[in-house]
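**Student:** what follows is a predicted protein model with its sequence.
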Amino acid sequence: MTQPRRQVLEVLDELQEPVSPYNIQEILLKKGKRLNHVTIYRVLSLFCQLNLAHKLSSVGGFVRCKLSDKEGCHRFMICRQCGVCHEFADEALCEKEKEIARNLGFCTELHLAESVGLCRNCKQDKP
């Protein structure tokens with residue numbers, strides 16, 4: 001584990017919400033650590049390949065994989081107000097998606113599913 005990888009992983013571990021590479025760079029700068037955004041992108045790409053992190057397209061950020069040992073496709077519930085991200089894995093849902101793909105003659109290479117809405121806490125704040 002290189003120092004840049006360790007630094008990026010520490011930032012991901014500290015946060016509950018998705019974070020962009022530029023935000024990671026800012027957080028590290030506040031801690032007195034300098035890491036260019038190209039290196040951060042490379043580290044994040046590697047972490048995604050190793051299932052240590054996930055890229056969330058709907059919010060343009062990355063999160064630490066919290067369920068790397070769970071079977072099934074990983075899914076995310078993201079609060080649009082506070083940014084909290086809940087990860088879950090459901091093997092039955094993954095199998096159902098594969099079945100649908102097979103029935104359509106489609107060969108799935110990547111499963112992505114993100115739900116954006118309000119978390120329990122933010123929903124309670126709404127009238």
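**Tutor:** All right, it came through fine.
**Student:** which other residues reach the helix or strand bottoming out on mean pLDDT in the chain?
**Tutor:** Within the chain, no helix or strand scores below helix 120-125, which has a mean of 85 by mean pLDDT, DSSP states H and E. With contacts defined as C-beta atoms under 8 Å, 6 or more residues apart in numbering, helix 120-125 is touched by 79, 81, 82, 84. All C-beta atoms are positioned from the backbone trio N, CA, C, and that covers glycine.
**Student:** count residues in the vicinity of residue 121, would you?
**Tutor:** Residues near residue 121, counting by other C-beta atoms under 10 Å, number 11.
**Student:** scratch that, residue 95 is what I was asking about
**Tutor:** By the measure other C-beta under 10 Å, the count of residues near residue 95 is 12.
**Student:** who's in contact with it?
**Tutor:** So residue 95 contacts nothing (C-beta under 8 Å, 6+ apart).
**Student:** okay, and it sits in which element?
**Tutor:** Element membership for residue 95, per DSSP states H and E: helix 91-103.
**Student:** and the helix or strand following that helix, what other elements does it pack with?
**Tutor:** Using DSSP H and E, the helix or strand that follows helix 91-103 in sequence is strand 114-117. Applying 3 or more C-beta pairs under 8 Å, 6 or more residues apart in numbering; DSSP states H and E, one finds that strand 114-117 makes contact with strand 73-79.
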